[in-house]
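Trainee: Starting from these lines, generate the structure:
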Amino acid sequence: MSQANRTKKIFIDHNSIVAKSNITKEIKLSDLVKGSKARLLKINTIDKKLKQRFLDMGLTPGVVLSVKNIAPLGSPITLILRDYQLSVRKADLVDLVVEVI
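Mentor: Predicted coordinates for the structure are as follows:
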């Protein structure tokens with residue numbers, strides 16, 4: 001192996017590293033753990049009645065919520081949003097997309 005191959009310099013673009021760290025990670029609301037805080041991004045359900053029910057309960061895009069408790073078997077999940085607590089089945093929360101904050 002020649003000397004030139006052993007002394008390669010590596011240049012790191014710090015701007016691209018910062019840009020990659022600012023990417024929001026979208027996950028399902030049902031995947032959050034106890035104590036996590038998130039912002040609701042969208043409701044991905046085909047069922048119009050279920051979507052309207054989410055909206056009536058205060059689960060609107062942009063709302064900030066936190067997970068207060070998860071039942072021992074995983075369902076229901078208790079959320080805190082808009083100064084009240086809401087318990088919802090885990091199966092229903094699969095359709096809600098959030099970003100962790």
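Trainee: Can you show me the strands along this protein?
Mentor: Ranges of strands within the chain are 26-28, 37-43, 64-70, 77-81, 84-88, 96-100, based on DSSP state E.
Trainee: Ok, which of those comes nearest residue 50?
Mentor: strand 37-43 (8.5 Å; C-beta to C-beta). (Glycine included, C-beta is placed from N, CA and C.)
Trainee: Next, the buried residues of that closest one.
Mentor: For strand 37-43, the neighbour count (16 or more other C-beta atoms under 10 Å) marks 38, 40-41, 43 as buried.
Trainee: Which one of those residues is nearest to residue 83?
Mentor: residue 40 (15.9 Å).
Trainee: Show me the beta-bridge partners of that closest one.
Mentor: On the basis of DSSP bridges, residue 40 is bridged to residue 98.
Trainee: Test my guess that it contacts residue 57.
Mentor: No: applying C-beta atoms under 8 Å, one finds residue 40 not in contact with residue 57, separated by 11.4 Å.
Trainee: returning to that earlier point: tabulate the buried residues of strand 37-43 (a markdown table), appending distance to residue 67 and pLDDT.
Mentor: Shown next, in a markdown table, are the buried residues of strand 37-43 (distance: C-beta to C-beta, whole Å; pLDDT from 0 to 100):
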| residue | distance to residue 67 | pLDDT |
| --- | --- | --- |
| 38 | 8 | 96 |
| 40 | 13 | 97 |
| 41 | 16 | 96 |
| 43 | 18 | 95 |
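Trainee: Tell me how many other residues surround the residue nearest to residue 26 when sequence neighbours are not counted.
Mentor: Nearest residue to residue 26, sequence neighbours excluded (C-beta to C-beta, 6 or more residues apart in numbering): residue 97, at 5.3 Å. Other residues lying near residue 97 total 16 when counted by other C-beta atoms under 10 Å.
Trainee: do the same with residue 69
Mentor: 13.
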